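> fold the stuff below for me.
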Amino acid sequence: MLYIIATPIGNLKDITLRALEILENIEYLLCEDTRNTGLLMNNLGIKNKPKLISFYDEVEDQKIPEIINLLKDNKEVGLVTDAGTPVISDPGWRLIKKCQSLGINYTALPGPCAAINGAVLSGLPVGRFCFLGFLPKKDGERKKILEKYKEIDGAKIVYESPFRVEKLVEQIKKVYGEEIQIKVVREMTKKFEEVITGTPKSLKGEFVVIFG
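Next up, the predicted model:
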């Protein structure tokens, strides 16, 4: 059985009881960074020591046959990302697709997701929204995507690094106009959680940008 496990995006208390139960019983755990996941397991007080398997975008395809063999042998396998819900701008969808094609059982344990949490905190109407994930680094490609979604009703949600968030905010204004409402959310669920209107003054950590 494959378990897709959401983990905290900041505050460790956001882990679910179900996630704790599964983490205590799985035999293998797929993770983006084995060091980060090992630290998370320690901080959560997990006594179980599953074998940690490195599983990130660049190696997903080559690791899938190994994982499928484990699942066919009825091993209990978990999948986590560094923070939040796997597959959402993180690896995993190819593995899930393969499980579907082979009739291998899998399930998802819902929990923290930066995009959804950011949308809730933004104060913008999000009854309808588009999730754009991480936009391309090149200005032209990024502008093309922003323009493509301009005519689609509802808020837009973007993940961005501190190195490009200021440029992203300015580009959104150029494409959508100066009147567009832009909310930048950072440090979610942590002590210094902040919702900023416009461009943030302090550029640290990963940002969720919501506009509409």
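
> quick one: secondary structure of Ile67?
What DSSP: H, G, I helix; E, B strand; the rest coil gives for Ile67 is helix.

> residues in contact with it?
Leu2, Tyr28, Leu30, Ile53, Phe55, Val77, Leu95 (Cβ atoms under 8 Å, 6 or more residues apart in numbering). Bear in mind the C-beta positions are built from the backbone N, C-alpha and C, glycine included.

> closest to Gly198 among those?
Nearest to Gly198, judged by Cβ to Cβ, of the contacts of Ile67 is Phe55 at 37.1 Å.

> right, and that closest one touches Leu30 too?
Yes - using Cβ atoms under 8 Å, Phe55 is in contact with Leu30, at 3.8 Å.

> what are the ranges of the strands in this structure?
Using DSSP state E, the strands found in the chain span residues 2-5, 28-31, 51-54, 77-79, 106-109, 129-134, 155-160, 182-186, 194-197, 207-211.

> so which elements touch the third one?
What it means is strand 51-54. On a contact count with 3 or more Cβ pairs under 8 Å, 6 or more residues apart in numbering; DSSP states H and E, strand 51-54 meets strand 28-31, helix 34-43, helix 60-72.

> change it to 6 Å
Counting contacts by 3 or more Cβ pairs under 6 Å, 6 or more residues apart in numbering; DSSP states H and E, strand 51-54 is packed against strand 28-31, helix 34-43.

> next one: the last one
Taking 3+ Cβ pairs under 6 Å, 6+ apart as contact, the helices and strands that strand 207-211 lies on are helix 114-122, strand 155-160, strand 182-186.

> mean neighbour count added to these, as JSON lines?
Shown next, in JSON lines, are the helices and strands packed on strand 207-211 (neighbours: other Cβ atoms under 10 Å):
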{"stretch": "helix 114-122", "mean neighbour count": "20"}
{"stretch": "strand 155-160", "mean neighbour count": "22"}
{"stretch": "strand 182-186", "mean neighbour count": "22"}
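
> sorry, back to before: return the member of the contacts of Ile67 nearest to Leu109.
Nearest to Leu109 among the contacts of Ile67: Leu2, at 11.0 Å, using Cβ to Cβ.

> how close does that closest one get to Val77?
Taking Cβ to Cβ, to the nearest Å as the measure, Leu2 falls 5 Å from Val77.

> could you check which of those two has the larger neighbour count?
Counted by other Cβ atoms under 10 Å, Leu2 and Val77 do not tie: Leu2 has more neighbours, with 26 against 23.
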